[in-house]
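S.K.: whatever this is, show me its structure:
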Amino acid sequence: MASARGGIKNFYHLEQTFLRRGAATLATPNLIRWALMFKNLHDQTHQSIQSLAGLVSSTQPTDIHQWDIDTRQLDPFMNQIPPLIGQISQLCPGEHLALYCFEIISPDADSEEILDVYAQAKADKGRSFARMNNAAQTLYVGSSRSLSRRIREHLGFGFPRTYSMHLAYWAPKLELQLRLHTALYPVDSSPKAIQALEDCLWDSLKPMLGRQGQR
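M.R.: Numbering: from 1, shown residues only. As a prediction, the model looks like this:
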């Protein structure tokens, strides 16, 4: 009952404010409802962030791995799947949750040149390439419920219209050396927590390719 009285009092206060400003015709129930919504938004957001923080703090990886990738060995016309895909499939059978990151480890890599070559490949309308960002040491950050399939797509051996890096179609000419970092999480982990972890990793590394946020 107290909250109801408080709501009535708030409505009365807002309506009187509109009247004092000579905007009586604007003080409709709909406008007042939205005014109250914005007024209480900071409390609702605070509660939501606290709830998310609790989920994140209890979400820990069960396995962490890394693989080095020599892009010179990626040839999409050989019709042969890279061994890395099989290794990941054995490591992550069935459904799972994973965060992953492609790091550039070539000692003489030129980020601007990488972006230029990628832009040329991206002009091919037959494939859906991930968006371009700014020069960085990190190439891509993402998450997936099927890590082997997602990495296969990024290497350039998946469906051409799936947004990914399609590395085999441009990285070999640069002789890029990459390192793939992966972290596996329990399959029942909160999707909101996993997304928050990915967003934090994205903010920290600011990858050269891809976009932040839920796909």
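S.K.: what about the protein, any weak spots by pLDDT?
M.R.: Along the chain, the parts satisfying pLDDT under 70 run over 1-27, 214-215.
S.K.: in the longest helix that the chain contains, which residues are buried?
M.R.: Ordering each helix of the chain by length in residues (DSSP state H) puts helix 29-57 first. Judged by neighbour count using 16 or more other Cβ atoms under 10 Å, the buried positions of helix 29-57 are Ile32, Ala35, Leu55, Val56. C-beta coordinates here come from the backbone N, C-alpha and C atoms, glycine included.
S.K.: the second one and Asp43, how far apart?
M.R.: To Asp43, Ala35 is 15 Å away according to Cβ to Cβ, to the nearest Å.
S.K.: was I right about Ser164 contacting Ile151?
M.R.: No: with the criterion set as Cβ atoms under 8 Å, Ser164 and Ile151 do not qualify as a contacting pair; they are 9.2 Å apart.
S.K.: dihedrals phi and psi, the residue nearest to Tyr185 when sequence neighbours are not counted?
M.R.: Leaving out its chain neighbours, the residue that sits closest to Tyr185 by Cβ to Cβ, 6 or more residues apart in numbering is Leu97, at 4.3 Å. Main-chain torsions, Leu97, degrees, to the nearest 10: phi -120, psi 140.
S.K.: let's have the chain start at 13 instead
M.R.: Done: numbering now begins at 13, and the last item shifts to Leu109.
S.K.: residues touching Leu109, list them.
M.R.: Taking Cβ atoms under 8 Å, 6 or more residues apart in numbering as the criterion, Leu109 is in contact with Ser155, Ser156, Arg157, Leu196, Tyr197, Pro198, Val199, Ser201, Ile206.
S.K.: give me the neighbour count for the fifth one.
M.R.: The burial count assigned to Tyr197 is 20, neighbours taken as other Cβ atoms under 10 Å.
S.K.: OK, contacts around it?
M.R.: If you count contacts by Cβ under 8 Å, 6+ apart, Tyr197 has them with Thr71, Gln72, Pro73, Thr74, His108, Leu109, Ala110, Leu111, Ile206.
S.K.: and what of Tyr181?
M.R.: By Cβ under 8 Å, 6+ apart, the residues touching Tyr181 are Pro88, Ala133, Asp136, Arg139, Gly168.
S.K.: right, and Ile93 touches Arg164 too?
M.R.: Yes: taking Cβ under 8 Å as the contact criterion, Ile93 and Arg164 are neighbours in contact, 7.0 Å apart.
S.K.: test my guess that Pro94 contacts Leu167.
M.R.: Yes: in this structure Pro94 lies within contact range of Leu167 using Cβ under 8 Å: 5.9 Å.
S.K.: please identify every residue contacting each of those two.
M.R.: Between them, Pro94 and Leu167 have Leu86 as joint contacts when contacts are counted by Cβ under 8 Å, 6+ apart.
S.K.: can you select the buried ones among the contacts of Tyr181 for me in PyMOL?
M.R.: In PyMOL, a selection of the buried entries from those looks like this (16+ other Cβ under 10 Å):
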select buried, resi 133+139+168
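S.K.: quick one: which of the contacts of Tyr181 sit in helices?
M.R.: Secondary structure assignment (DSSP H) places Ala133 from the contacts of Tyr181 within helices.
S.K.: including distance to Lys185, could the contacts of Tyr181 go into a markdown table?
M.R.: What follows is the contacts of Tyr181, written out as a markdown table (distance: Cβ to Cβ, whole Å):
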| residue | distance to Lys185 |
| --- | --- |
| Pro88 | 13 |
| Ala133 | 9 |
| Asp136 | 14 |
| Arg139 | 16 |
| Gly168 | 13 |
